[in-house]
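[1] Quick one, structure for this:
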Amino acid sequence: MLSWVIAGHLRFRDMAHDILGPHLRFRDMAHDILGPRWGRYYVGPIQFMVCYGAVVASTLLGGQCMKAIYLLTNPDGTMKLYEFVIIFGCFMLILAQIPSFHSLRHINLVSLVLCLAYSACATGGSISIGSSSKGPEKDYSLEGNTEDRIFGVFNAIAIIATTYGNGIIPEIQATLAPPVKGKMFKGLCVCYTVATVTFFSVAISGYWAFGNQAEGLILTNFLVDGKALVPKWFILMTNIFTILQLSAVGVVYLQPTNEVLESTLADPRKTEFSARNTIPRLIARSLSVVIATTIAAMLPFFGDINAVIGAFGFMPLDFILPVVFFNLTFKPSKQSPIFWLNVTIAVVFSTLGVIAGIAAVRQISLDAQNYRLFANV
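    Next up, the predicted model:
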């Protein structure tokens, strides 16, 4: 299904290019296919919610990694999670001033290497702990009653949608010089190969080693009551890899928000680095990071945030809108298989999105009963 959707995205954009012109962003296509209001008030906000939600999640996860390093060196330390989130936010505040996607190309390469390094360390650490007597007793039973399990399934589907979603890809595609198709196809192949290998290796090894006690951040399981289950230097190195990689991810996903703010605030008659454009850019980008950091510190529920982003953002953006665009643009015969395949995909994922959204909001409400704002989790 995932490969079909990827191929469909590329095929649709190529065909739409011939009919509608060079529209490489979702909101541009929505503007012409569904009307200007859909592009401005529905598709655009969804895409920005997805990207900005990723910035919030990256900031929170970065803070958790910093806290893990702190507890490793100072088990009795009193600093709270929100303090580390703020520290990571300050680091993001500096990186956020990088001008454009093109300026980020070297950071993206480093991010790829760090992603592979983190995944290798997390997988190796999980296998080492799972194979030794240091690890916890493995329990793979499902916790909770039937209702919790059912909602948990849909919550997990939303998280998976976030994991493999591609809300930022159209923005990257729009910066490429023609021809776009070949470059994007190669990029997507690399992207999903790396994503599949890294996510599956960490997920499978982590669940095998820790069972139903596996945390959303698997590195958290490497420490039990302040005691390291693997060498401390290994945990330190893995967390540093993760922090650096998350900072790169956060900066990349911040770019669409930056583009919208700067297109509104900038003066095109002035140069990019003139005082007229530099000052509003500095203020707008700094404010975006400050707001994301505040949200991450207030709501430190990483899995819940991912579920909300997946249900309300990635599902409509990646699985519903492309097939709707295709049917409305090319108007395939209602007798053709492609028409009904697209309709089926749209209906199934619309239903999944609604149920997953309910499950995600329900989980946040449950967690809110257990934790307060700025909780030290």
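[2] ok, which stretches of this protein are helices?
    Taking DSSP state H as the criterion, the chain carries its helices at 2-20, 26-33, 36-38, 44-73, 81-95, 105-131, 146-164, 169-173, 180-210, 232-265, 275-298, 302-309, 321-330, 337-370.
[3] neighbours around Gly353, how many?
    Look at Gly353: counted by other CB atoms under 10 Å, it has 23 neighbours. Glycine gets a C-beta too; all of them are placed from N, C-alpha and C.
[4] Give me the nearest residue to it, chain neighbours excluded.
    Here the nearest residue to Gly353 in space, its sequence neighbours aside, is Met315; by CB to CB, 6 or more residues apart in numbering that works out to 4.0 Å.
[5] Just to check, that neighbour is in contact with Thr351?
    No: using CB atoms under 8 Å, Met315 makes no contact with Thr351, being 10.0 Å away.
[6] Which one's more surrounded, the two?
    Looking at Met315 and Thr351 with other CB under 10 Å, you find the greater number of neighbours at Met315, namely 25 against 10.
[7] which ones are touching that one?
    Remark: with contacts taken as CB atoms under 8 Å, 6 or more residues apart in numbering, Met315 is in contact with Ala158, Ala161, Phe349, Leu352, Gly353, Ala356.
[8] ok, now Tyr140?
    Contacts of Tyr140 were listed using CB under 8 Å, 6+ apart, and they are Tyr207, Gly211, Asn212.
[9] Try it again at 7 Å.
    Neighbour list for Tyr140: Gly211, Asn212 [criterion: CB atoms under 7 Å, 6 or more residues apart in numbering].
[10] Could you do the one 3 residues further on as well?
    Glu143 is in contact with Asn212, counting by CB under 7 Å, 6+ apart.
[11] 21 is where my numbering starts, stick with that
    Sure, I'll start numbering at 21, so the last one becomes Glu163.
[12] distance of it from Val381?
    Using CB to CB, to the nearest Å, we find Glu163 at a distance of 20 Å from Val381.
[13] Ramachandran angles for the spatially closest residue to Asp96 that is not a sequence neighbour?
    Using CB to CB, 6+ apart and skipping residues adjacent in sequence, the residue nearest Asp96 is Gly246, 8.0 Å away. Gly246 has phi and psi values of phi 80, psi 0 when expressed as degrees, to the nearest 10.
[14] again with the one 3 residues further on
    Dihedral angles phi and psi of Leu249 (degrees, to the nearest 10) take the values phi -90, psi -10.
[15] hang on, the earlier thing: please convert the contacts of Met335 to JSON lines, extending it with distance to Glu103.
    Converted to JSON lines, the contacts of Met335 look like this (distance: CB to CB, whole Å):
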{"residue": "Ala178", "distance to Glu103": "29"}
{"residue": "Ala181", "distance to Glu103": "32"}
{"residue": "Phe369", "distance to Glu103": "40"}
{"residue": "Leu372", "distance to Glu103": "38"}
{"residue": "Gly373", "distance to Glu103": "36"}
{"residue": "Ala376", "distance to Glu103": "33"}
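[16] Out of those, flag the one nearest to Leu319.
    Using CB to CB, Ala178 is the member of the contacts of Met335 that sits closest to Leu319, with 16.1 Å.
[17] ok, now which ones touch that closest one?
    Ala327, Gly330, Ala331, Ala376, Ala379, Ala380.
[18] ditto for Ile89
    Shown here is Ile89, whose contacts under the criterion CB under 7 Å, 6+ apart are Leu256, Asn259.
[19] follow-up on the earlier one: just to check, the residue nearest to Asp96 is in contact with Thr93?
    No: between Gly246 and Thr93 there is no contact under CB atoms under 7 Å: 10.8 Å.
[20] neighbours around the nearest residue to Gly270 once chain neighbours are set aside, how many?
    Residue nearest to Gly270 in three dimensions, not counting chain neighbours: Ser78, with 3.8 Å by CB to CB, 6+ apart. Taking other CB under 10 Å as the criterion, the count of residues near Ser78 is 25.
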